[in-house]
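A.B. asks: Next one to model:
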Amino acid sequence: IYGKNFFYNSKLLVDGRSILSVSGIPAQTEVVRYVDCNTLVYLRFPYSRELKQVSLRIVNPNGKQTHPFNVTIP
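C.D. replies: Numbering: from 1, shown residues only. Coordinates of the predicted model:
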């Protein structure tokens, strides 16, 4: 996810639920990794390859947040 002014502890909401930020990647789950103030990486390990539309939103610790945006991913 590319943007600007991300913090190392920014939260990613997927369909309204928070995705944990971790350094390791557990199997069969979703994680978000902070790269820099312009880049977050959302890793998802789907149980199906069928495409699904999800809503994403970034929330910074100072309370500022993006408008929700929709993507279609497996």
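
A.B. asks: tell me which element the residue nearest to the spatial centre of the chain is part of?
C.D. replies: Residue closest to the average C-alpha location in the chain (Cα atoms, centre = their mean): residue 12, at 3.9 Å. Assigned by DSSP states H and E, residue 12 belongs to strand 11-14.

A.B. asks: just for this structure, where's the confidence low?
C.D. replies: Within the chain, the stretches with pLDDT under 70 are 22-28.

A.B. asks: contacting residues around residue 43?
C.D. replies: Taking Cβ atoms under 8 Å, 6 or more residues apart in numbering, we find residue 43 in contact with 25, 30, 31, 32, 33. The C-beta positions use only the backbone N, C-alpha and C, and glycine is treated the same way.

A.B. asks: Does the strand or helix carrying residue 33 pack against any helices or strands, and if so which?
C.D. replies: Assigned by DSSP H and E, residue 33 belongs to strand 30-36. Counting contacts by 3 or more Cβ pairs under 8 Å, 6 or more residues apart in numbering; DSSP states H and E, strand 30-36 packs against strand 11-14, strand 17-19, strand 39-44.

A.B. asks: do you know which of those lies nearest residue 60?
C.D. replies: Closest to residue 60 of those is strand 11-14 (Cβ to Cβ; 8.0 Å).
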